[in-house]
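here is the input, now give the coordinates:
(one chain, ligands or ions: 1)
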Amino acid sequence: MISVRDLRKHYQVHKRPPGLMAALRSVFHRTYTTVKAVDGISFEIKPGERVGFLGPNGAGKTTTLKVLSGLLHPSSGEVLVDGHVPRHREDLFLKKIMLVMGQKQQLIWDLPPSETFELNRAIYDVPRAQYKQTLDELVGLLELGDLISKPTRQLSLGERMKCELAAALIHRPKVLFLDEPTIGLDVSMQATMRTFIKSYNERYGATLILTSHYMDDVAALCPRVIVIDKGMLSYDGGLDALVQRVRPEKRVVLRLNQVVDAAALSSLGKVVTHDNVTAVLQVPQEAVNTTVSRALSSLPVQDLTVENAPLEEVMSELFAESKAQRGAVGS
Ligand SMILES: Nc1ncnc2c1ncn2[C@@H]1O[C@H](COP(=O)(O)OP(=O)(O)OP(=O)(O)O)[C@@H](O)[C@H]1O
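Numbering: from 1, shown residues only. The predicted structure is shown next:
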């Protein structure tokens, strides 16, 4: 469905020197520097896959999504989306894809969302009967109710984002590029959006690439993740396998009936947190069974769970690792 081969997007940026005189001189003698936003990435995505596209700020995620949706021309490399070269922006291609950016809006500010939906129906040439069916479905699934007939400017951020998503899906795109679709939303609205995105993917077999700094989005939606850093691919595979690789240890989370002293806990494993009657221990995977049975027999345990390290931690460790590697190469 999506094939990316050695994709590069480099920008020539004017170097602005400090100081007034130097700035004046630069009007006549400009010097340029190259920003390698994307620097040789390759991957394949199958129809219906949900893939998380992760990386620190400035890694090149948005640039890649813009190239995939035909908004930016690549400097080099080959990109195919369902058999189309995105930069040609053929009508058929545009009808198959949608790029939703959490920080940009397509709804017309002074008009109700229903007017933008109608506009998109006309732009994408959606047959009336299909439009009505899709709209009814979207209104139901996203619980839009009469929101769609209020002026967009009167909607809250969460209400607006739900309507943005509905506007993006009126033509039932087969490929969805979602760039931070839940940014700024409260946790319950994030969960609503996630449930909806997953059900759209399952209902229509749509292929989905998602970028998000909220790891709950990634954990809920993306069995596979592609991690990029400084425009280069640093991981492509299962989310679980990534967690295993970066943080093979497990966490034993204990809720206790009474306060126990720190020594009793540290004899069982590395204490990550300990706060009165709750404690989190970190132990190697192979020691989980022993730790659990020792905790149950030696401590007043009310409740016990075994978990992976939080995904936020795994990611920041991964980003720190690649930064350190770059530092070592650069030194
Ligand atoms: N038009 C442009 N001209 C010059 N440099 C650019 C341009 N657009 C992006 N860049 C640079 O390319 C790099 C990648 O930017 P991009 O927006 O793709 O990152 P990102 O991974 O989406 O980051 P974030 O998580 O912060 O949104 C950054 O260093 C950015 O400053």
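
mind listing what's buried along the helix or strand hosting Lys36?
Assigned by DSSP states H and E, Lys36 belongs to strand 32-45. Of all the residues in strand 32-45, those buried under the rule 16 or more other C-beta atoms under 10 Å are 37-39, 41, 43, 45. For the C-beta atoms, the positions are set from N, CA and C on the backbone; glycine is no exception.

in the protein, which residue sits furthest out from the middle?
Going by C-alpha atoms, centre = their mean, the residue of the chain most distant from its centre is Met21, 43.9 Å out.

go ahead and name everything in contact with the helix ranked longest in the chain.
If you go by DSSP state H, the chain has its longest helix at helix 311-330. By C-beta atoms under 8 Å, 6 or more residues apart in numbering, the residues outside helix 311-330 that reach it are 54-56, 215-216, 218-219, 227, 229-230, 234-235, 239, 242-243, 246-247, 308.

who touches the nearest residue in space to Gln12 that is not next to it in sequence in this structure?
Nearest residue to Gln12, sequence neighbours excluded (C-beta to C-beta, 6 or more residues apart in numbering): Tyr32, at 4.8 Å. With contact set as C-beta under 8 Å, 6+ apart, Tyr32 has these partners: 12-15.

ok, 10 Å please
11-15 (C-beta atoms under 10 Å, 6 or more residues apart in numbering).

same question for Leu119.
Taking C-beta under 10 Å, 6+ apart, one finds 106-108, 111, 167, 170 in contact with Leu119.

now do it against Gly145, distance only.
From Leu119 across to Gly145, the span is 21 Å (C-beta to C-beta, to the nearest Å).

check Arg121 too.
20 Å.

with Leu54 instead?
Distance of Leu54 to Gly145, computed by C-beta to C-beta: 34 Å.

in terms of neighbours, single out the busier of the two.
Between Leu54 and Gly145, counting by other C-beta atoms under 10 Å, Leu54 is the more crowded of the two (27 against 11).

got a pLDDT number for that one?
Note for Leu54: predicted pLDDT of 93.

which residue packs closest to it, ignoring adjacent ones?
Val227 (4.9 Å).

so where does the one you found fall, helix or strand?
Val227 belongs to strand 224-229, assigned by DSSP H and E.

and the next helix or strand after that strand, what does it pack against?
Using DSSP H and E, the helix or strand that follows strand 224-229 in sequence is strand 232-238. Using 3 or more C-beta pairs under 10 Å, 6 or more residues apart in numbering; DSSP states H and E as the contact test, the elements touching strand 232-238 are strand 32-45, strand 50-54, strand 224-229, helix 239-246, helix 311-330.
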